[in-house]
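A.B. asks: my questions are about this predicted structure, shown below with the sequence.
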Amino acid sequence: AQKVTQAQTEISVVEKEDVTLDCVYETRDTTYYLFWYKQPPSGELVFLIRRNSFDEQNEISGRYSWNFQKSTSSFNFTITASQVVDSAVYFCALSDSVDSNYQLIWGAGTKLIIKP
Amino acid sequence: DTEVTQTPKHLVMGMTNKKSLKCEQHMGHRAMYWYKQKAKKPPELMFVYSYEKLSINESVPSRFSPECPNSSLLNLHLHALQPEDSALYLCASSHLAGGSYEQYFGPGTRLTVT
């Protein structure tokens, strides 16, 4: 069965520190997709990235970077030089091709607090 | 323009009331979704519409009734709700239904049932 584990319930850092959010997934399928979403206190879920299982290249977007490692079934998210506006709950999610219900399998989320 | 709008932002209703939540997207997406999210939990899928037809109903109680009048609009009709239905209701859309497509979410409606 598919599963997404975000073991860090809450992380608190001081502004400008780097922070990594962990995501470990389980799937028996060879074709799957991984996602990260950000949910600030306002409630809207903001799409950050999608990665398919055949593309293990790491991605960098400004201060955000993602490390996808199939060998460890991990898709970790790093924020460099964190800012207060990065404070939010971050969700990692998985979708694979055997899931005909189009349902995203969500991790429990990691609450990130950036202190000024 | 990756925007999904939802109205109202907040809704308080009694258990005997009938109300509707509205969602709109103008991205040309052909799949739309309703999710329910309780505090400190990830979203739970309720319904999926694909090409304006209901394709997924995740065993949602009949007091929630979805409607897709056209490809841009999605409604959720509420009737005889229970206090435990209080939650954030999120609408989302994607290019097509299917796990490979990222979903874009609206700001949500915070529903309180009294």
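C.D. replies: Nice, I can see it. All values reported here derive from a predicted model rather than from experimental measurement.
A.B. asks: quick one, what contacts residue 16?
C.D. replies: Went with chain A since none was named. A:Ala81, A:Ser82, A:Gln83 (CB atoms under 8 Å, 6 or more residues apart in numbering or on different chains). Yep, even glycine has a C-beta here, placed from its N, CA and C like the rest.
A.B. asks: actually chain B
C.D. replies: B:Ala80.
A.B. asks: what's the first helix or strand after the lowest-mean-pLDDT helix or strand in chain A?
C.D. replies: The weakest-scoring helix or strand in chain A, judged by mean pLDDT, DSSP states H and E, is strand A:59-61 (a mean of 91). Later in the chain than strand A:59-61, the nearest helix or strand by DSSP states H and E is strand A:64-69.
A.B. asks: tell me the SS of the closest residue to chain B within chain A?
C.D. replies: In chain A, the residue that lies nearest chain B is A:Ser95 (2.8 Å; CB to the nearest CB). Secondary structure, DSSP: H, G, I helix; E, B strand; the rest coil: A:Ser95 is strand.
A.B. asks: what about it, how many residues close to it?
C.D. replies: By other CB atoms under 10 Å in any protein chain shown, the residues close to A:Ser95 number 27.
A.B. asks: okay, residue 32: pLDDT?
C.D. replies: Unless you meant another one, I'm taking chain A. Looking at A:Tyr32, its pLDDT stands at 92.
A.B. asks: not what I meant, chain B
C.D. replies: 96.
A.B. asks: what does B:Ser59 give?
C.D. replies: So B:Ser59 comes in at 88 (pLDDT).
A.B. asks: over to B:Tyr49?
C.D. replies: Per the predicted model, pLDDT is 95 at B:Tyr49.
A.B. asks: residues contacting it?
C.D. replies: B:Ala31, B:Met32, B:Tyr33, B:Ser55, B:Pro66, B:Cys68, B:Leu74, B:Ala97.
A.B. asks: what lines up beside the least confident helix or strand of chain A in the sheet?
C.D. replies: strand A:64-69 (antiparallel) (DSSP bridges).
A.B. asks: in chain B, what residue is nearest chain A?
C.D. replies: Closest point on chain B to chain A, by CB to the nearest CB, is B:Gly99, at 2.8 Å.
A.B. asks: tell me how many other residues surround that residue.
C.D. replies: Neighbours around B:Gly99, by other CB under 10 Å: 23.
A.B. asks: A:Ser53 is in contact with that one, correct?
C.D. replies: No: the pair formed by B:Gly99 and A:Ser53 falls short of the contact definition of CB atoms under 8 Å, at 11.4 Å.
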